[in-house]
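Visitor: Show me how the following folds:
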Amino acid sequence: MTIGAIGGRRIHVRFDVTCIVGAADNQAALANIETLMLSVTDLLADNIALLNGWTQPTIQQIGNSEMLISQISVELVTTN
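Guide: Down below sits the predicted model:
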C-alpha cells in the first residue's frame, strides 16, 4: 500500500487486491477465480480507479496447497 498527500487536503492511496482460489481442478479453479475477480471489481467504490487490469492467473504454492492467484492495483483519491 502506498499513501501520499496531494496538495495537503487530498489523500492518495494505492494498493493491490489479490484473489486466491484452490487450484486442485484446473477448469473449476479458472471458473472460480473469474467469478471472484468479477465480484471484487463490482464491489469497488466509484471513486476507486483501476490502475491496470487483472494479472494473468498463476499457480503458486502456499503451504502444502497449490493456489490460483490474480492481482489488480487500485487507487483511491479522497479529501482529508
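
Visitor: Could you pull out the buried residues of stretch 45-63?
Guide: Buried residues in stretch 45-63, counted by 16 or more other C-beta atoms under 10 Å: I48, W54, P57. All C-beta spots, glycine's among them, are computed from the backbone N, C-alpha and C.

Visitor: contacts for the helix or strand harbouring V40?
Guide: Using DSSP states H and E, the element containing V40 is helix 26-43. Here helix 26-43 makes contact (C-beta atoms under 8 Å, 6 or more residues apart in numbering) with V17, C19, V21, G22, A23, L50, W54, P57, L68, S70, I72.

Visitor: pLDDT on it, on average?
Guide: Computed over helix 26-43, the mean pLDDT rounds to 93.

Visitor: Tell me the buried residues in that helix?
Guide: Residues of helix 26-43 classed as buried: A29, N32, I33, M37, V40, T41 (neighbour count, 16+ other C-beta under 10 Å).

Visitor: just checking, next helix/strand downstream of it?
Guide: Downstream of helix 26-43, the first helix or strand assigned by DSSP H and E is strand 48-50.

Visitor: which residue is nearest the centroid of the chain?
Guide: Centroid check for the chain by C-alpha atoms, centre = their mean gives V17 as the closest residue, at 2.5 Å.

Visitor: OK, contacts around the nearest residue to that residue once chain neighbours are set aside?
Guide: Excluding the flanking residues, the one nearest V17 by C-beta to C-beta, 6 or more residues apart in numbering is I72, at 5.2 Å. I72 makes contacts with D16, V17, M37, V40, T41, L50, L51, N52, G53, W54, T55, as judged by C-beta under 8 Å, 6+ apart.
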